[in-house]
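Novice: Just a sequence and a predicted model for now, questions to come.
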Amino acid sequence: MPFNRKPQKFNAAIKTVEIGTGDKKVTLGGENVFPFYAFDGEIANGPKVGVEISDLGLENEVPGVKAYYEGAASIGEVAKKAAEMEGADFVCLRLEGGDPNGANKSVEELVAAAKEVADAIDAPLVVEGCKNVEKDSELLAKVAEALQGKNVLLLSAREENYKAVGAAAGLAYDQKVGAESAVDINLAKQLNVVTTQLGVKPESIVMNVGSASVGYGYEYVVSTLDRIKAAALSQDDKMLQMPIITPVASETWGVKEAMAEEEDAPEWGSREERGISMEIQTAAASLAAGSDAVILKHPQSVATISKMIQALV
Amino acid sequence: MALTGIQIFKMTPKKNCKECGCPTCMAFSMKVAQGAMDISACPYMSEDALAELSEATAPPMKTIKIGTGDSEYSLGGETVLYRHEKTFVSKTRYAVALCSCMDDAAIDAKLAEVAKVDYERIGERMHAELLYVNYDEASGADRYVEVVKKAAATGKVLVLGCSDADVAAKALAECKDGKPVLNGANASNYEAMNKVATEAGVVLGVSGANIDELYDTVAALEKLGNKNLVIDTTEDTIKETFATTVQARRAALKDTDRTFGYPSIVNLVKVAKGDKYMQQALVSLFTMKYGSIVVLEELGYAEALPLFGLRQNLFTDPQKPMKVEPGIYPLNGADENSVCVTTVDFALTYFLVSGELERSGVPVNLVINDAGGLSVLTSWAAGKFSGNSISAFFKENVEDKVKTRKVIIPGKVAVLKGDIESKLPGWEVIVAPLEAVQLVKFLKDMQENGQL
Ligand code: SF4
């Protein structure tokens, strides 16, 4: 008896969400098979890779990242190089400097940085706030206003501030809303429900269902992604069919394995190589479990993950 | 697939002789169907009936054992495709690739590099458990046997990548006691390879030019009576390899197609030779999706640290939250005078908190309470992380071991401050910020202000 193929076909699909404008715009989602299951059916768009840059500059980056951006004097020039990186589909600007417990930059200053970046590139743009819910409510709303017409994705609207962020990004200024929840399928769904109840179109929502580095409770990320994709496709759960974006770099470059200096952990070898591997392996695992986009930082990781995606879809 | 009592009853001799301890054959059949009795309790079942029953009750995927002694590993035996459904039981094992085309210096260097990575992470030994020794025809059989001997001397379990039956037999003569895998059967040589593997008593790896050929070859080997197999799901391209690996596992577990009910080998050297970054991406992908053995060229610390972390996470039992041992964990060179920071024994919390504490560089004693493996808020709500439990834990396990009388508690349970202070006389209770990431600044500030 020959092998009997039993493809998993679904009468449901992940919604498509477009980011950016013009030739370079990207479409997230659209697939109606499990991640990379091209043998079950054609994969509509394939996952996308974003390059993270920060308003705080390059000072704390590893040598390979610094070298890549050498000569870029302004955030606009950094953004331009990010957009040109091999394998890059979009740029993600993190406005970390807004953190009231950190640099505490003013909203005006950060909006100006976002504007400079948006004007410098024609690649799609994702703008991430500083993670402080109050500050982000104001900051992301102002960014949404300032970048009207650019069709940017704003990260993130959370349980505490989805009204402010969702209304500004999704309703007033017609941008895309990133809905961020904490590694739990029910929380992810709930946030989508209330965000759509605000009037935000489901087609304008991208989920960030939480992330972690591999080794750091990553099983919760895997199971959350697995379960969301299963509910979206096999149960046709409309409130879980938004594509998923996963920030990877901001998790992986902050863990011990990627942070420890070589003199503190001599047997571990090059810090940069550890960081790249952490980033690549976490990104590959996230994509395998169902992320439609990952945000990375190191040029080697961006090129490798992009190449892996091309090889699989 | 489980059989019903009626189906089993049809196979009994219907003698009602009571030798099985049941009043009737029907009663016996019901008990077997429920799993309360084993079919062997009836001495009168026919051979055919027994074979049919054991086939019907066999697990969908075989557990295959390789190696010996402390280096014995189980592969396969999975029952689910997703970890949240139940649990994954047999960890992915990693094999570093050697080739008889390499000269001695290159092989020694590789073996030295492999030996370097051997460490513990939450109670689990992390190292490359296997070596894959690939046969290069051009350098000949004798050279291959030499390299196999060298590899076997490391004590690691070998996977012999060799599809020449005569050469394989020579190599096995040197290493078969270590219970290696002979990976080399295919559509054209499977009879000869089967003979070599069964004579040596080792697991046979099967490959195919495509998924259909692989399937047919496995079926042919089963027909020859060999069910001690692993399937090499590596194809020509990354895409095809992923397709075959996933489809084989899915067929076995979801569609109970037992022909594919064997562990897999994915050889990244074939699909991403020389590209170590792509191999890093793929080793993660195939750890997530159904590689039982993954072969790669390099497994230094850079590759190992994320990979073993991923594997440890994936193969935990989702019903049992990962817990760390309660107790005192001195960080950054802390001694008995260093401040205590306390939290719960939920592994994720422990990792987040200890990571941030290490980042701060401030010497602290991290005190892990017994909170049932739950997160801070959950255990607090369940009464497992309370003023009572924390003070009792400190009195029993901490007070006589440290001289400091300062303890920092999680910001999320700030309400416990007064309660702990009243139950732990002499201690100063300090409330930490809400999020673990804020600990670095918090501790550094305290250190600068001389509060520690
Ligand atoms: S021993 Fe076998 S034949 Fe006898 S009663 Fe039990 S089932 Fe029936």
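Specialist: Happy to help now that I have it.

Novice: Now for residue B:36, how many residues are close by?
Specialist: Residues near residue B:36, counting by other C-beta atoms under 10 Å in any protein chain shown, number 9. All C-beta spots, glycine's among them, are computed from the backbone N, C-alpha and C.

Novice: What pLDDT is listed against it?
Specialist: For residue B:36, the pLDDT comes out at 80.

Novice: Counting residues, which helix of the chain comes out longest?
Specialist: In the absence of a named chain, this looks at chain A. When chain A is parsed with DSSP state H, its longest helix is helix A:271-289.

Novice: wrong one, I was asking about chain B
Specialist: Ranked by residue count, the top helix of chain B under DSSP H comes out as helix B:238-253.

Novice: Find the residue ranges of the stretch 151-300 of chain A scoring beneath the pLDDT cut-off.
Specialist: Nowhere does the stretch 151-300 of chain A drop to pLDDT under 70.

Novice: And the residue of it that's closest to chain B?
Specialist: When scored by C-beta to the nearest C-beta, the stretch 151-300 of chain A has residue A:215 as its residue closest to chain B, at 2.0 Å.

Novice: That residue in helix, strand or coil?
Specialist: Under the three-state scheme (DSSP: H, G, I helix; E, B strand; the rest coil), residue A:215 adopts coil.

Novice: so who does it touch?
Specialist: Neighbour list for residue A:215: A:255, A:257, B:121, B:305-306, B:308-310, B:312-313, B:351 [criterion: C-beta atoms under 8 Å, 6 or more residues apart in numbering or on different chains].

Novice: Now do the longest helix of chain A: which elements does it pack against?
Specialist: Using 3 or more C-beta pairs under 8 Å, 6 or more residues apart in numbering or on different chains; DSSP states H and E, the elements in contact with helix A:271-289 are helix A:63-68, helix A:218-234, helix A:249-252, helix A:256-259, strand A:293-296, helix A:299-312, helix B:276-288, helix B:301-314.

Novice: Of these, which stretch is the most buried?
Specialist: Comparing the helices and strands packed on helix A:271-289 by mean neighbour count (mean count of other C-beta atoms under 10 Å in any protein chain shown), strand A:293-296 comes out on top with a mean of 29.

Novice: That one: partners in the sheet, and parallel or antiparallel?
Specialist: Applying DSSP bridges to the sheet, strand A:293-296 is found paired with strand A:48-54 (parallel), strand A:245-247 (parallel).

Novice: Could you save these as TSV and add columns showing distance to the ligand?
Specialist: Shown next, in TSV, are the strands paired with strand A:293-296 (distance: least, C-beta to the nearest ligand atom, whole Å):
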stretch	distance to the ligand
strand A:48-54	63
strand A:245-247	57
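
Novice: looking at the helices and strands packed on helix A:271-289, which is closest to residue B:202?
Specialist: With distances scored as C-beta to C-beta, the stretch of the helices and strands packed on helix A:271-289 nearest to residue B:202 is helix B:276-288 (23.3 Å).

Novice: That closest one relative to helix A:299-312, how many degrees between them?
Specialist: Orientation note: helix B:276-288 sits at an angle of 60 degrees relative to helix A:299-312 (axes from the mean of the first three to the mean of the last three C-alpha atoms, to 10 degrees).

Novice: so does helix B:276-288 get close to chain A?
Specialist: Yes: using C-beta under 8 Å from any C-beta of the partner chain, helix B:276-288 reaches chain A at B:277-278, B:280-285, B:287-288.

Novice: Out of the residues you listed, which is nearest to residue A:251?
Specialist: residue B:284 (14.4 Å).

Novice: what residues are up against that closest one?
Specialist: By C-beta under 8 Å, 6+ apart, the contact set of residue B:284 is A:214, A:280-282, A:284-285, A:288, B:306-307, B:310.

Novice: quick revisit: quick one: closest of the helices and strands packed on helix A:271-289 to the ligand.
Specialist: In terms of C-beta to the nearest ligand atom, the element of the helices and strands packed on helix A:271-289 nearest to the ligand is helix A:218-234, at 42.3 Å.

Novice: I'd like to check what contacts the closest one. Which residues are they?
Specialist: Helix A:218-234 is contacted from outside by A:8, A:10, A:12-14, A:32-35, A:183-185, A:188, A:207, A:209-212, A:237, A:240-241, A:244, A:282, A:285-286, A:289-291, B:82-84, B:288, B:309-310, B:313-314, B:316, B:318, B:322, B:348, using C-beta under 8 Å, 6+ apart.

Novice: what do you get for stretch A:30-45?
Specialist: A:5, A:7-10, A:12-16, A:26-29, A:47, A:229, A:233, A:243, A:287-292, A:312-313, B:239, B:242-243, B:246-247.

Novice: Now the terminal residues of it, how far apart.
Specialist: Start and end residues of stretch A:30-45 are separated by 6 Å (C-alpha to C-alpha, to the nearest Å).

Novice: do the same with stretch B:335-343
Specialist: End-to-end for stretch B:335-343, by C-alpha to C-alpha: 19 Å.

Novice: Excluding chain neighbours, what is closest to residue B:347?
Specialist: residue B:322 (3.6 Å; C-beta to C-beta, 6 or more residues apart in numbering or on different chains).

Novice: Distance check, that neighbour against residue B:330.
Specialist: Plainly put, residue B:322 is 22 Å away from residue B:330 if you go by C-beta to C-beta, to the nearest Å.

Novice: Between the two, tell me which one has more neighbours.
Specialist: Neighbours per residue (other C-beta under 10 Å) separate residue B:322 from residue B:330, with residue B:322 holding more: 19 against 14.

Novice: What residues does the more buried one make contact with?
Specialist: Listed by C-beta under 8 Å, 6+ apart, the contact partners of residue B:322 are A:217, A:219, B:122, B:313, B:316, B:346-348, B:373.

Novice: cutoff 10 Å now
Specialist: Contact analysis of residue B:322 by C-beta atoms under 10 Å, 6 or more residues apart in numbering or on different chains lists A:217, A:219, B:122, B:312-313, B:316, B:345-348, B:350-351, B:373.

Novice: Noted, bye for now.
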